[in-house]
Every structure is written in C-alpha cells, then in structure tokens.
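Asks: Prediction below, plus the sequence it came from.
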Amino acid sequence: MQTAHEFFLHELSDMLDAERKILNALEEQANESTNPQLQKAFQQHREQTQGQVERLETCFEELDEEPEETECAGIKGLIEEHDNMKDEDPSDDILDIFNAVAASKVERYEITAYESLIRLADMMEHTKVSRLLKQNLREEEQTLKKVQAIGNKLKPEDMGMEEEEEVEEETMETETFGGEEGEQSSRKRGATSTKSKSRKGRAA
C-alpha cells in the first residue's frame with residue numbers, strides 16, 4: 001500500500017465489510033431485545049444499514065474498482081464482545097442496557113470511520129463518492145442520538161445493592177452502640193476518680 005488511492009480503497013472495503021457484519025448483528029439484537037423502543041430502533045437501523053451497504057457498493061462502481069477481501073477487525077471485536085456478554089446469561093433488562101451501550105459504541109466507530117473516508121474522498125476530489133459517504137454519516141449520527149436517548153431511559157430491575165446496604169447499616173449500628181458504651185465507660189471512670197479524691201480529702 002503506497003498511494004492514497006490504495007489506502008482509500010482499503011478503508012472503503014473495510015467499511016463495507018463492517019456494514020455487512022452490522023446488518024446481521026442488528027437482526028440478532030432486534031430479536032433478543034425486550035424493550036419495544038430499542039427493538040424498533042434496531043429494526044429501523046437495519047433497514048438504514050441495508051441502504052448504507054448499497055451506497056458503499058455504488059462508491060466502488062463510481063471508482064470503477066472492486067472491493068478488497070478484507071475483514072473489519074474493529075466491528076468484529078465489538079460483535080465478539082456482544083457474544084461474550086450473552087455467554088454470561090444476563091437478565092433481559094441487563095441485556096437491553098448492554099445492547100444500547102453496544103449500539104452507541106458501534107455508531108461512534110462508524111462515525112469516525114466515515115469522517116476519515118469523507119476527508120480522503122474530498123482530497124482526491126471524488127465528489128459523488130463523498131456525497132454518498134456523507135449521507136451514510138448523517139444516518140449514523142441520527143442513530144447514535146436515538147439509541148443514546150433510549151439507553152438513558154433504561155434502568156436495571158435489580159440494582160444488587162441490598163446486601164451491601166445491610167452490611168453498611170450493621171456497621172453503622174455497631175459504631176453507634178460502641179460510641180455509647182465508650183461514653184458510659186468514660187462517665188464511670190470519671191465518677192470513680194471523683195470518689196477517690198473525696199476519700200483522700202477526708203483522710204487528710
């Protein structure tokens with residue numbers, strides 16, 4: 001890889017592979033989500049992603065080039081992260097929260113990738129290609145806002161804080177009772193000391 005053109009084709013191919021992988025992942029996330037809004041967002045974005053794949057294919061046609069055989073390691077890693085989470089057997093509400101966060105990670109990755117591709121396309125004056133990429137970028141930015149808004153509304157049903165709170169309460173009670181006992185002990189010592197002084201005075 002020696003020229004900007006070669007680099008651009010490589011990155012464009014990488015993005016095409018990423019969108020194809022995301023297309024399959026979105027279907028799985030839509031099927032496993034229990035929150036209606038999140039499920040609908042994944043379904044809608046899957047339709048958008050199909051259009052994004054088609055635009056990327058059109059970019060190669062405009063350049064009179066064929067996509068390279070490459071794999072997007074970044075998106076592959078995020079999908080593996082999702083699969084590893086599924087292996088932990090999360091509750092439905094926890095999986096919804098994870099998927100919302102995972103979607104935000106994917107969107108941020110895509111946004112950065114498209115911004116870089118657009119910059120390269122503009123430098124090489126690939127005007128139509130740049131326009132197609134910008135359309136994909138706008139959709140990714142809109143999707144990011146949508147999944148973040150949904151994610152902010154999701155809340156775990158079980159916070160898992162009960163045991164910790166009970167321990168804290170027991171500790172506070174122990175400290176409180178300990179303080180009262182200490183104060184009582186101090187008063188007893190003070191009374192004993194006063195009696196001792198009184199006896200010495202009578203003896204003199």
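Replies: Sure thing, it's come through.

Asks: From residue 107, how far off is residue 59?
Replies: Counting by Cβ to Cβ, to the nearest Å, the gap from residue 59 to residue 107 is 20 Å. Using the backbone N, CA and C atoms, a C-beta is placed for each residue, glycine as well.

Asks: More neighbours: these two, which one.
Replies: Each of residue 59 and residue 107 has its neighbours counted (other Cβ atoms under 10 Å); residue 59 has more, 26 against 22.

Asks: quick one: contacts of stretch 126-137?
Replies: With Cβ atoms under 8 Å, 6 or more residues apart in numbering as the test, stretch 126-137 has contacts from 52, 55-56, 58-59, 62-63, 110-111, 114-115, 117-118, 121-122.

Asks: Report the mean confidence score over that stretch.
Replies: Mean per-residue pLDDT for stretch 126-137: 97.

Asks: can you pull the buried residues of that stretch?
Replies: Buried residues in stretch 126-137, defined by neighbour count with 16 or more other Cβ atoms under 10 Å: 126, 129, 130, 132, 133, 134, 136, 137.

Asks: Equivalent analysis for stretch 75-87, please.
Replies: Result for stretch 75-87 [16+ other Cβ under 10 Å]: buried residues 75, 78, 79, 82, 85.

Asks: ok, residue 39 - contacts?
Replies: 30, 33.

Asks: Pull up the gap between it and residue 137, please.
Replies: Taking Cβ to Cβ as the measure, residue 39 falls 25 Å from residue 137.

Asks: returning to that earlier point: filter the buried residues of stretch 126-137 down to the ones in strands?
Replies: Judged by DSSP state E, strands contain none of these.

Asks: Residue 89: which of those is nearest?
Replies: residue 136 (35.3 Å; Cβ to Cβ).

Asks: how about the nearest residue to the closest one, chain neighbours excluded?
Replies: Among residues not flanking residue 136 along the chain, residue 52 sits closest, at 4.7 Å (Cβ to Cβ, 6 or more residues apart in numbering).

Asks: Could you point out the helix or strand that follows whichever helix or strand the one you found is part of?
Replies: Taking DSSP states H and E as the definition, residue 52 sits inside helix 36-63. Next helix or strand after helix 36-63 toward the C-terminus (DSSP H and E): helix 73-87.
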